[in-house]
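Chemist: please find the sequence and the predicted model below.
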There are 2 protein chains.
Amino acid sequence: MLSRNDGSVRFDVSVIGLGAMGTIMARAFLRQGKRVAVWNRSGDKADVLVAEGAHRCETAAAALEASPVAVLVLLDNDAVHAMLSMPGVEQALAQRTIVNYTTNSKEDSIALQDLVHRAGGHFVKGVIVAYPRNVGHCESYCIHAGDRDAFERHRDLLQILAGHALFLTWDDAHSLSTTLHAHLFAAMFTFYEAVSASSHLGMPAAEAARLISDVSRFFIADAIADAARRFDTGNFASDQARLDVHLSAFDYMAEALHKRGAEVPIFDVVCEVTRRARSMGYGSQDISAAVKAFAPEGAVQSMPPQAR
Amino acid sequence: MLSRNDGSVRFDVSVIGLGAMGTIMARAFLRQGKRVAVWNRSGDKADVLVAEGAHRCETAAAALEASPVAVLVLLDNDAVHAMLSMPGVEQALAQRTIVNYTTNSKEDSIALQDLVHRAGGHFVKGVIVAYPRNVGHCESYCIHAGDRDAFERHRDLLQILAGHALFLTWDDAHSLSTTLHAHLFAAMFTFYEAVSASSHLGMPAAEAARLISDVSRFFIADAIADAARRFDTGNFASDQARLDVHLSAFDYMAEALHKRGAEVPIFDVVCEVTRRARSMGYGSQDISAAVKAFAPEGAVQSMPPQAR
């Protein structure tokens, strides 16, 4: 142990696993002037990072020893266990923080945390909410759970990967990650749907895509923030436009789209849910009251009483 | 006519129709220091605006004569025709520009344009892409069609209502307005769906709403802008994450959501369309290639050849 305290911790962070995401994370650290040690099962993946200033470790254990914190980005949970059972790794975990960005389940993560704790280390699970192109972006987010103190010690470092680093309980991190991603991908798909429909309505897809992208940016961000405030306060008063007025417009739009042969299965669901919300008696409320028509019981239960 | 040239054009803009939207528009003009004349069928609606500096006209004809441009925001197309057939209105249209923000169809608009032209006036159809709270916002958009010269003469004025004023052909304005709004509302509904699902996954809806709203803002705007670039260039190369890798994650998320009893009809469509895209052979492409699975023929026809 003396040797470790004497000098083996020579780096700010170790990155273990140099697939596309691991390589981009290591590069983000390097660009912020961090001293970065790297390790990958197959050696050649480190070459490009070494050329950019990273230090290649010969073993996983050496990579863990090299820095107070190791970021793991491996193929899957099995690959994490394979790495952790390599020679010398268990001893190297003592007083180290593992931040695991490898995709796995909540149960997998809790089992890993136990394993790291038994070896005297700290464990943080991370989910980076970004495509590789936005790793290192100040507007990106990452979500963490596990050992809060360890997270806070390394928060500044982790915010190099994504400007906003959140820490939640295991349950909240799992819930948020699931519903958030469902929203992110569904919002992307509504865009694909609209662009696809545009060609049926006579506008070239590329032009429609550019215009819809530009025009939608502020509107969607504002509408979602407004709805979030309403869900928080339970105030669904219709001070902008009533739900039943929206429904009339939706019916008109759906007819125009179907008449021209556009397939809009997502917008069809929007119309259906809005119709259900009106039949539940929310016609005179704000459009965001449609939240109560997705899963009436659950959504209403967790909202303030005046929202019911 | 002499009298008009001598002094009846004493205002910068007239607002005809003082419902919620008309009142907000008139107020937006007043706040930018414009001289605003107003008219409404029932007089009392003008009171609050008069107190804020607007001039109340006694007749629709007087309101048209008062300014070079009149913004119309009436209940519906019938209300526009009723106003246009009032005493003196036809004569008052000469050399005036009508900008009609009243909701109507493309055919209704073209008929109105003919009517205004016959009276010697100019006609612009406008669609404001904003809830009342964002009228006058520099980041809001409005879409126009009709007489281009008249639009350009009054562009600066109209940009008081929405910072970005677009002018398109009749067909493009109709197509964009329909597909854009389908996208806007569907994106809002994916948020409602995610928030509703969160309560099934154990996170209070209000907290989930705040977090999803914050985390999604940049991600969605960036993902949509990236997809728009791909639709423009036809480059669906998978440099971020393959479509079939997304599908694995989608299946995992859908299972977690369904298992907990969350109703996610929109996300179910996302999974179904992604599966269709993979079966069409796009598994190794970028996720935005899913656009081709909505309405295969139409979307592909209007994209650059390399996108097919």
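Modeler: On my side now, so go ahead. Numbering: from 1, shown residues only, chains lettered A, B, ... in the order given.
Chemist: kindly report the residues of the stretch 1-150 of chain A close to chain B.
Modeler: A:T103, A:V129, A:A130, A:Y131, A:P132, A:R133, A:N134, A:H137, A:E139, A:S140, A:Y141, A:I143 (CB under 8 Å from any CB of the partner chain). Using the backbone N, CA and C atoms, a C-beta is placed for each residue, glycine as well.
Chemist: for ChimeraX, write a command that selects the buried ones of the residues you listed.
Modeler: Only the buried entries of the residues of the stretch 1-150 of chain A next to chain B go into this ChimeraX selection, using 16 or more other CB atoms under 10 Å in any protein chain shown:
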select /A:103,129,130,131,132,134,137,140,141,143
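Chemist: just flag the most distant two among the residues of the stretch 1-150 of chain A next to chain B.
Modeler: A:T103 and A:E139 (22.3 Å; CB to CB).
Chemist: okay, now the unreliable bits of the stretch 151-300 of chain A?
Modeler: Residues of the stretch 151-300 of chain A meeting the criterion pLDDT under 70: A:295-300.
Chemist: quick one: neighbours of A:N235, just the number.
Modeler: 15 (other CB atoms under 10 Å in any protein chain shown).
Chemist: typo on my end, it should be A:V116
Modeler: 24.
Chemist: repeat for the one 10 residues further on
Modeler: The number of residues packed near A:G126 is 25, by other CB under 10 Å.
Chemist: ok, it to chain B distance?
Modeler: Taking CB to the nearest CB, to the nearest Å as the measure, A:G126 falls 14 Å from chain B.
Chemist: what sits against that residue?
Modeler: A:V71, A:V99, A:N100, A:Y101, A:C142, A:I143, A:H144, A:L158 (CB atoms under 8 Å, 6 or more residues apart in numbering or on different chains).
Chemist: spell out for me which residue occupies the centre of chain A.
Modeler: Centroid-nearest residue in chain A: A:V129, 2.5 Å away (criterion: CA atoms, centre = their mean).
Chemist: looking at it, that residue is touching A:A162, isn't it?
Modeler: Yes - with contact defined as CB atoms under 8 Å, A:V129 reaches A:A162; the gap is 7.1 Å.
Chemist: joint contacts of the two?
Modeler: Taking CB under 8 Å, 6+ apart as the criterion, A:V129 and A:A162 both touch A:S140, A:Y141, A:C142.
Chemist: all strands of the stretch 151-300 of chain A, in order?
Modeler: Using DSSP state E, counting those that start in this stretch, the strands found in the stretch 151-300 of chain A span residues A:162-167.
Chemist: for it, which segments count as helices?
Modeler: Secondary structure of the stretch 151-300 of chain A by DSSP state H, counting those that start in this stretch: the helices cover A:155-158, A:170-200, A:205-233, A:243-259, A:265-277, A:296-301.
Chemist: quick check: which of the ones you listed is buried the most?
Modeler: helix A:170-200 (a mean of 26; mean count of other CB atoms under 10 Å in any protein chain shown).
Chemist: which strand runs longest in chain A?
Modeler: Assignment by DSSP state E gives strand A:137-146 as the longest strand of chain A.
Chemist: show me what that strand is packed against.
Modeler: helix A:106-118, strand A:122-129, strand A:162-167, helix A:170-200, helix B:205-233 (3 or more CB pairs under 8 Å, 6 or more residues apart in numbering or on different chains; DSSP states H and E).
Chemist: mind running it again at 7 Å?
Modeler: If you count contacts as 3 or more CB pairs under 7 Å, 6 or more residues apart in numbering or on different chains; DSSP states H and E, strand A:137-146 packs onto strand A:122-129, strand A:162-167, helix A:170-200, helix B:205-233.
Chemist: tabulate those (JSON lines), appending distance to A:M83.
Modeler: Output for the helices and strands packed on strand A:137-146, formatted as JSON lines (distance: least, CB to CB, whole Å):
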{"stretch": "strand A:122-129", "distance to A:M83": "14"}
{"stretch": "strand A:162-167", "distance to A:M83": "23"}
{"stretch": "helix A:170-200", "distance to A:M83": "22"}
{"stretch": "helix B:205-233", "distance to A:M83": "29"}
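Chemist: out of those, nearest to A:R230?
Modeler: That would be helix B:205-233 among the helices and strands packed on strand A:137-146, by CB to CB, at 8.4 Å.
Chemist: and the closest one, does that touch chain A?
Modeler: Yes - residues of helix B:205-233 contacting chain A under CB under 7 Å from any CB of the partner chain: B:205-206, B:208-213, B:215-225, B:227-228, B:231-232.
Chemist: how about residues contacting stretch A:165-174?
Modeler: A:106, A:110, A:141-145, A:148, A:151, A:155, A:158-159, A:176, B:202-203 (CB atoms under 7 Å, 6 or more residues apart in numbering or on different chains).
Chemist: of all the contacts of A:G126, which two lie farthest apart?
Modeler: Farthest-apart pair in these is A:V71 and A:I143; separation 14.8 Å (CB to CB).
Chemist: domain parsing for chain A?
Modeler: A:2-168, A:185-307 (automatic domain parsing).
Chemist: for the ones you listed, which one sits closest to B:E65?
Modeler: Closest to B:E65 of the domains of chain A is domain A:185-307 (CB to CB; 32.2 Å).
Chemist: ok now that closest one, how far from the chain's centre?
Modeler: Its chain's C-alpha centre and that of domain A:185-307 lie 23 Å apart, by CA atoms, centre = their mean, to the nearest Å.
Chemist: quick one: mean pLDDT over stretch A:62-78.
Modeler: Here stretch A:62-78 scores 96 as its mean pLDDT.
Chemist: check which residues of that stretch are buried.
Modeler: A:62-74, A:77.
Chemist: so what pairs up with A:H164 in the strands?
Modeler: The bridge-partner assignment for A:H164, based on DSSP bridges, gives A:Y141.
Chemist: okay, it and A:C142: tell me how far apart.
Modeler: Using CB to CB, to the nearest Å, A:H164 is found at 7 Å from A:C142.
Chemist: okay, those two: which has more neighbours?
Modeler: A:C142 (22 against 16).
Chemist: excluding residues flanking it in the chain, which one is nearest that one?
Modeler: The shortest distance from A:C142 to any non-neighbouring residue, by CB to CB, 6 or more residues apart in numbering or on different chains, is to A:A162 (4.0 Å).
Chemist: which ones are touching that neighbour?
Modeler: With CB under 7 Å, 6+ apart, A:A162 has these contacts: A:I128, A:A130, A:S140, A:Y141, A:C142.
Chemist: next one: A:V264
Modeler: A:E193, A:A197, A:L257, B:A182.
Chemist: among those residues, which one sits closest to B:R31?
Modeler: Nearest to B:R31 among the contacts of A:V264: B:A182, at 32.1 Å, using CB to CB.
Chemist: does the closest one touch A:A254 like I think?
Modeler: No - using CB atoms under 7 Å as the test, B:A182 is too far from A:A254 to be in contact (8.2 Å).
Chemist: find residues that contact each of these two.
Modeler: With contacts defined as CB under 7 Å, 6+ apart, the residues shared by B:A182 and A:A254 are A:F267.
Chemist: ok, so what distance separates A:G126 from B:Y252?
Modeler: 18 Å.
Chemist: swap in A:R10?
Modeler: Plainly put, A:R10 is 39 Å away from B:Y252 if you go by CB to CB.
Chemist: cool, A:D172 as well?
Modeler: Taking CB to CB, one finds A:D172 at 18 Å from B:Y252.
Chemist: now A:R133
Modeler: Taken as CB to CB, the span from A:R133 to B:Y252 is 23 Å.
Chemist: ok, back up a step: wait, which of the contacts of stretch A:165-174 is closest to B:A26?
Modeler: The closest of those, once distances to B:A26 are taken by CB to CB, is A:Y141, at 40.7 Å.
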